[in-house]
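**Student:** Let's see this in three dimensions:
(2 chains, ligands or ions: 1)
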Amino acid sequence: MEKFKKMTAIAVPMDRANVDTDAIIPKQFLKSIKRSGFGPNLFDEWRYLDHGEPGMDNANRPINTDFVLNQSRYFNAKILLARDNFGCGSSREHAPWALEDYGIRVIIAPSFADIFYNNCFKNGLLPIILSETIINDLFNAVDSTEGFQLTVDLEQQKIISDSASDTEFNIDFELDQFRRHCLLEGLDEIGLTLEHAKDIHAYEKKQKEITPWLY
Amino acid sequence: MSAKTLYDKLWDSHVVRENDDGTSLLYIDRQLIHEVTSPQAFEGLRMANRKPWKLSANLATPDHNVPTTDREKGIEDPISKLQVDTLDSNCDAFGITEFKMDDIRQGIVHVVSPEQGATLPGMTLVCGDSHTSTHGAFGTLAFGVGTSEVEHVLATQCLIQKKSKNMLVEVNGQLDDAVTAKDIILAIIGKIGTAGGTGYAIEFAGDAIRSLSMEGRMTMSNMAIEAGARAGMIAVDDTTIEYVKGRPYSPDEQQWSQAVTYWQNFYSDADAQFDKVVTLKAEEIKPQVTWGTSPEMTMAIDETIPDPAQESDPVKQEGMIAALNYMGLIAGTPISEVPVDIVFIGSCTNSRIEDIRAAAQVAKGNTVSESIKQALVVPGSGLIKQQAENEGLDKILLAAGFEWRDPGCSMCLAMNADRLEPQERCASTSNRNFEGRQGQGGRTHLVSPAMAAAAAIAGHFVDVETITKHP
Ligand code: SF4
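**Tutor:** Below is the predicted model of the structure:
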């Protein structure tokens, strides 16, 4: 898993509540044998005007120009600004896979669906919960200032505005310290187990005497 | 030292370390890999730039998507083909041993591994498949895992796990000749229910279990998951050790006596404590047929379809009504009057040589009923197919009107071309009778191989004892 320490990027506003995982990545794309490559189909139904199926050449599909991700001012966004209950619905891990593959690393919302929130951390995404009021201010700032950037500092647990906007931001955020540690170190569960590599080797060494036929 | 159960011993001998939160890092000796649940795990390894921790611990074979006829033509469905091709290329790239589709050792993972001696007593074994419980028959701790865990095991040879509770299912007494391991496990599930084993690791014990062959014991452990338990196991005895001897992955002569001494520890101590104990009398178990859409909806062949009106629990009653509706059955009908369309003998539950022998014994000199649309026999591996052919079983089955196929999961879950049409009724030796499992709208009745063969001959469910035997 990629480490997350500090990042400055454009934020893209997704101004609707209850964005579910089927909207994030529609079910027809789950047939894939891959964990990567879902990025072009992130928000497929909103992003394109036709019906998407796996194997289509997405570059030649009709684009919904009204959709935020298709507006040039938000190209290269790495932060997703969202509303209540983001990531609800099915537990598919393909949703964080798709967001990550597209390039999103941070999602800021007033609340997240539980499973999605957990799945984010397993895949190097940082979901941040902020109050409704601050989120409203952020939406306004993103709206009014083209190229509006935010710096997300996980070590300091701070979000700071870099651009000259009407409102300056210096926001503290909370999260579980264990998860913070995993993200900062780029540790997934596998990474955590590998921290005990010595113990595993020691176990193997001992077992090799007891059950040599397995080694 | 305090007395331990078989499960305690298996667990304790594999704990690498205990974590602060009460979970343990458990060492996994063997991982079996198939095409459906592994692609994202390999992809994950690649993305994280990781290598398998211990290559030799892994063994792969495609099974779910492989065709069971005209294999030389390859796989027709492009999505199925891609999954199998991906397994091939992943195993090649990482250096994992794989029995590919054209290898005589290919077959259903849960059949292949024991056959190769890759499943051994006293080990931990996982696979991205719920029926991994099968391998518990060897005094092995074996359970199914998800794709992230497949990757976790590939990368670390370990899993982060919490220990389950201990449950003992004892079957004592003398089994009737017509009663097989399949009938025992269905009777157990009928008694404790599909959630009866949830949160437990089940040990099957008692003299009726001891008397079973390894094939029979695998059939039992295979369906532990259908009783809600992730793992089901049976203590090591002479039958176990005899079966394991001389197989390709078994310990060689030099290590053999050390291995046997070690394996003989894997039983529950006489005064070991179980959190739950269930007992059945072998004499009371009759050949079983499931009538509903859950393995716990099972009955003896001489009974009539149960009446929901007699059920006092409203939730259960509703489930029964829905099941009878889906299955197209009327309460009060003797199950032996229900006609069958399709017969499927195969799956990781019942596709081993003993199962095929049992089917052939019933088929010998008899003819599949005109009313049967299709009667399939799908051996669990290429080697079983070969052995059956050496014994002339294929000829007996073909002469009776059965089809003789190539190894794979086949109609157990209908991921390849073998599937039921809506409302077709199937006597199946597989393990799940869920709605749509064998094809959309298909109706599955779980039975033993002998009972399935008997249904093929009679055209309806029938007590196998009434079929004329031709020696
Ligand atoms: S035979 Fe059926 S239950 Fe067994 S592994 Fe294959 S699909 Fe699963």
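**Student:** pretty sure A:Phe116 is touching A:Ala82, no?
**Tutor:** No: using CB atoms under 8 Å, A:Phe116 is not in contact with A:Ala82, being 10.9 Å away. Where you see a C-beta, it was placed from the backbone N, CA and C, and this is true even at glycine.
**Student:** the more surrounded of those two?
**Tutor:** The residue with the greater number of neighbours, taking A:Phe116 and A:Ala82 and applying other CB atoms under 10 Å in any protein chain shown, is A:Phe116; the counts read 27 against 24.
**Student:** who does the top helix by length along chain B touch, helix- and strand-wise?
**Tutor:** When chain B is scanned for its longest helix (criterion: DSSP state H), the result is helix B:78-94. Packing contacts for helix B:78-94, counted by 3 or more CB pairs under 8 Å, 6 or more residues apart in numbering or on different chains; DSSP states H and E, involve helix B:39-47, strand B:97-98.
**Student:** what would these look like in a markdown table with distance to A:Phe169?
**Tutor:** As requested, those are arranged in a markdown table below (distance: least, CB to CB, whole Å):
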| stretch | distance to A:Phe169 |
| --- | --- |
| helix B:39-47 | 33 |
| strand B:97-98 | 54 |
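**Student:** that older thread, just the buried positions in the longest helix of chain B, please.
**Tutor:** Using 16 or more other CB atoms under 10 Å in any protein chain shown as the burial criterion, the residues of helix B:78-94 that qualify are B:Ser80, B:Leu82, B:Gln83, B:Val84, B:Asp85, B:Thr86, B:Leu87, B:Asn90, B:Cys91, B:Phe94.
**Student:** For the stretch 51-200 of chain B, which residues score under the pLDDT cut-off?
**Tutor:** Under the criterion of pLDDT under 70, none of the stretch 51-200 of chain B is flagged as low confidence.
**Student:** Run through the helices of it in chain order.
**Tutor:** All helices of the stretch 51-200 of chain B, identified by DSSP state H, counting those that start in this stretch, fall at B:78-94, B:109-116, B:147-156, B:181-192.
**Student:** Looking at those, which is nearest to the ligand?
**Tutor:** helix B:109-116 (5.9 Å; CB to the nearest ligand atom).
**Student:** tell me which residues in the closest one are buried?
**Tutor:** In helix B:109-116, counting by 16+ other CB under 10 Å, buried: B:Val109, B:His110, B:Val111, B:Val112, B:Ser113, B:Pro114, B:Glu115, B:Gln116.
**Student:** and the fourth one, what does it touch?
**Tutor:** Right, B:Val112. Contacts here follow CB atoms under 8 Å, 6 or more residues apart in numbering or on different chains; on that basis B:Val112 touches B:Leu32, B:Leu59, B:Thr61, B:Phe99, B:Arg105, B:Gln106, B:Ala118, B:Gly380, B:Ser381.
**Student:** try 6 Å this time
**Tutor:** Applying CB atoms under 6 Å, 6 or more residues apart in numbering or on different chains to B:Val112 gives the contacts B:Thr61, B:Ser381.
**Student:** for the third one, same thing?
**Tutor:** Applying CB under 6 Å, 6+ apart, one finds that B:Val111 lies in contact with B:Cys348, B:Gly380, B:Ser381.
**Student:** One more pass at 7 Å, please.
**Tutor:** Residues counted as contacts of B:Val111 (CB atoms under 7 Å, 6 or more residues apart in numbering or on different chains) are B:Cys348, B:Ser351, B:Arg352, B:Gly380, B:Ser381, B:Ile384.
**Student:** Next one: the residue lying closest to it once chain neighbours are set aside from B:Leu25, what distance?
**Tutor:** When the adjacent residues along the chain are set aside, B:Val111 lies closest to B:Gly380, with 3.3 Å between them (CB to CB, 6 or more residues apart in numbering or on different chains). Between B:Gly380 and B:Leu25 the distance, using CB to CB, to the nearest Å, works out to 33 Å.
**Student:** Tell me the helix or strand right after the helix or strand bottoming out on mean pLDDT in chain A.
**Tutor:** Here the helix or strand of chain A ranked lowest by mean pLDDT, DSSP states H and E is helix A:114-122, holding a mean of 79. Later in the chain than helix A:114-122, the nearest helix or strand by DSSP states H and E is strand A:126-129.
**Student:** Can I get the helix or strand just after that following strand as CSV, trimmed to CA atoms?
**Tutor:** Once the chain leaves strand A:126-129, the next helix or strand it forms, by DSSP H and E, is helix A:132-144. The C-alpha coordinates for helix A:132-144 follow below in CSV (Å, rounded to 0.1, in the frame of the first residue of the first chain):
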residue,chain,number,x,y,z
GLU,A,132,-21.4,19.9,8.0
THR,A,133,-20.5,23.6,8.4
ILE,A,134,-16.9,23.3,7.4
ILE,A,135,-17.8,21.0,4.5
ASN,A,136,-20.2,23.8,3.3
ASP,A,137,-17.4,26.3,3.4
LEU,A,138,-15.2,24.0,1.5
PHE,A,139,-17.8,23.5,-1.2
ASN,A,140,-18.2,27.3,-1.5
ALA,A,141,-14.4,27.8,-1.7
VAL,A,142,-14.0,25.1,-4.4
ASP,A,143,-16.9,26.6,-6.4
SER,A,144,-15.7,30.2,-6.3
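**Student:** Am I right that B:Ser410 is in contact with B:Ala417?
**Tutor:** No: proximity of B:Ser410 to B:Ala417 does not meet the contact threshold set by CB atoms under 7 Å, at 9.0 Å.
**Student:** And those two? Which one has more around it.
**Tutor:** When neighbours are counted by other CB under 10 Å, B:Ser410 and B:Ala417 differ, and B:Ser410 comes out ahead with 33 against 16.
**Student:** Provide a list of residues in contact with that one.
**Tutor:** B:Ser410 is in contact with B:Thr68, B:Gly346, B:Val378, B:Asn416, B:Asp418, counting by CB under 7 Å, 6+ apart.
**Student:** how far away is the first one from B:Met411?
**Tutor:** Going back to what we said before, that points to B:Thr68. The separation that B:Thr68 has from B:Met411, given CB to CB, amounts to 9 Å.
**Student:** More neighbours: which of the two?
**Tutor:** B:Met411 (31 against 22).
**Student:** Look at the more buried one and report its pLDDT.
**Tutor:** What the model reports as pLDDT for B:Met411 is 90.
**Student:** for chain A, what spans make up the helices?
**Tutor:** Listed in chain order, the helices of chain A (DSSP H) span residues A:21-24, A:44-47, A:94-102, A:114-122, A:132-144, A:177-185, A:189-194, A:197-210.
**Student:** between those helices, which gets the lowest average pLDDT?
**Tutor:** Set side by side, those show their lowest mean pLDDT on helix A:114-122, which sits at a mean of 79.
**Student:** Quick check: buried residues in that helix?
**Tutor:** Buried positions in helix A:114-122, judged by neighbour count with 16+ other CB under 10 Å: A:Ile115, A:Phe116, A:Tyr117, A:Asn118, A:Asn119, A:Cys120, A:Phe121, A:Lys122.
**Student:** what do you get for stretch B:181-201?
**Tutor:** Residues B:181-194, B:196-197, B:200-201 are the ones in stretch B:181-201 that count as buried (16+ other CB under 10 Å).
**Student:** looking at this, B:Ala201 is in a strand?
**Tutor:** Yes: according to DSSP: H, G, I helix; E, B strand; the rest coil, the state of B:Ala201 is that of a strand.
**Student:** Identify the contacts common to B:Thr68 and B:Met411.
**Tutor:** The contact lists of B:Thr68 and B:Met411 share B:Asp418, where a contact means CB under 7 Å, 6+ apart.
**Student:** Distance to the ligand and mean neighbour count added to the helices and strands packed on helix B:78-94, as TSV?
**Tutor:** Rendered in TSV, the data for the helices and strands packed on helix B:78-94 read as follows (distance: least, CB to the nearest ligand atom, whole Å; neighbours: other CB atoms under 10 Å in any protein chain shown):
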stretch	distance to the ligand	mean neighbour count
helix B:39-47	17	21
strand B:97-98	16	19
